[in-house]
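*Asks:* below are the sequence and a predicted model for it; my questions follow.
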Amino acid sequence: SQQGEEDPQALSIQEGENATMNCSYKTSINNLQWYRQNSGRGLVHLILIRSNEREKHSGRLRVTLDTSKKSSSLLITASRAADTASYFCTINTDKLIFGTGTRLQVFP
Amino acid sequence: ETGVTQSPTHLIKTRGQQVTLRCSSQSGHNTVSWYQQALGQGPQFIFQYYREEENGRGNFPPRFSGLQFPNYSSELNVNALELDDSALYLCASSRIAGGRYTGELFFGEGSRLTVL
C-alpha cells in the first residue's frame, strides 16, 4: 500500500496536554509529510521530514521518523482548542495518497 | 491562503446529471491532483495532471475525467452522477521537477457536491 496509516483513529484531550499520533507505512520513502484538515476545509501542510532525518520541529510540532520501523509520530505540545482537526500522514511516492487520519478533539 | 482556488464551493445535482468542477493552481506549480473525500473518510486520489496529460489515476471509473490547461488550471468532470458521488472534491497543486515531487501539496478549500 502506497499510503500511511494513522493511529489512533480518534484522540480526545484537554487543552494544555500533549497529543501524539502515529503513522505507519510499508514501502521505502524519500520523505513523509503531515497535513491537518479542519472540518470541511482543505488540507494544510504541516511538516515534511526526509528519509535521512530522524526528528524535525516546527513551533509546537515535533515529528520523528524511524525508517527501520517504517513509522513516524507527530507530537503537538501544549495543545489548544484550535488544534482540533483531522491529521493525515502521507509518504512520498509519485502520487500522494492519504489514509483515514487521526481525528483530534481538544477540549477547552 | 494557499493560492489554490476552487469553484463552485457548493452545488447540488440530481442523479444522472453531469458536473464540472474547476481549480486554479498556485503560481509556479505545474501539477494538479484531484481528491474525493466522503464524510468521515480521508481524501481518495482520483487522478493527477502534469503537462496537460493524465499522470496517474486512482480507482475511479471513466465517468470521472479531467483536463489541465496551458496555464495549469484544471477541471474535473463527472458524468452520470450517482448518489455515492456526494463528497467534498479537493484540488491540490504542486511542482514536479525531474520526475519527482519537489515539496508539499497545496490544497484548495474544496467543492462540496451533493447528489440527490
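*Replies:* Received, thanks. Numbers count the residues shown, from 1 in each chain, chains lettered A, B, ... in the order given.
*Asks:* which strands and helices sit next to the host helix or strand of B:G56?
*Replies:* Taking DSSP states H and E as the definition, one finds B:G56 inside strand B:53-57. Packing contacts for strand B:53-57, counted by 3 or more Cβ pairs under 8 Å, 6 or more residues apart in numbering or on different chains; DSSP states H and E, involve strand B:44-50. The C-beta positions use only the backbone N, C-alpha and C, and glycine is treated the same way.
*Asks:* and the strand holding B:G56, what's buried?
*Replies:* By neighbour count with 16 or more other Cβ atoms under 10 Å in any protein chain shown, strand B:53-57 contains the buried residues B:N55.
*Asks:* each with direction, which strands does that strand pair with?
*Replies:* Strands that pair with strand B:53-57, judged by DSSP bridges, come out as strand B:44-50 (antiparallel).
*Asks:* and the partner strand, how far from the chain's centre?
*Replies:* Computed by Cα atoms, centre = their mean, to the nearest Å, the chain-centroid distance of strand B:44-50 equals 7 Å.
*Asks:* which residues does that strand contact?
*Replies:* A:95-98, B:30-38, B:54-60, B:64, B:66-68, B:74, B:76, B:96 (Cβ atoms under 8 Å, 6 or more residues apart in numbering or on different chains).
*Asks:* and what of stretch A:11-30?
*Replies:* Here stretch A:11-30 has contacts from A:1-8, A:32, A:34, A:50-51, A:67, A:70-81, A:83, A:87, A:89, A:91-93, A:99, A:102-108, B:100, using Cβ under 8 Å, 6+ apart.
*Asks:* which of those fall in strands?
*Replies:* The strands, defined by DSSP state E, take in A:5-7, A:32, A:34, A:50, A:71-76, A:87, A:89, A:91, A:102-107, B:100 from those.
*Asks:* out of those residues, which are buried?
*Replies:* Looks like the ones in strands among the contacts of stretch A:11-30 have A:5-7, A:32, A:34, A:71-76, A:87, A:89, A:91, A:102-104, A:106 buried, using 16+ other Cβ under 10 Å.
*Asks:* so what's B:S73 closest to, chain neighbours aside?
*Replies:* B:S24 (4.8 Å; Cβ to Cβ, 6 or more residues apart in numbering or on different chains).
*Asks:* ok, that neighbour - how many residues close by?
*Replies:* 19 (other Cβ atoms under 10 Å in any protein chain shown).
*Asks:* phi and psi next, for it.
*Replies:* Backbone geometry at B:S24, expressed as degrees, to the nearest 10, gives phi -110, psi 120.
*Asks:* now it: how far from A:A10?
*Replies:* Between B:S24 and A:A10 the distance is 34 Å, computed by Cβ to Cβ, to the nearest Å.
*Asks:* and what of A:G101?
*Replies:* From A:G101 across to A:A10, the span is 9 Å (Cβ to Cβ).
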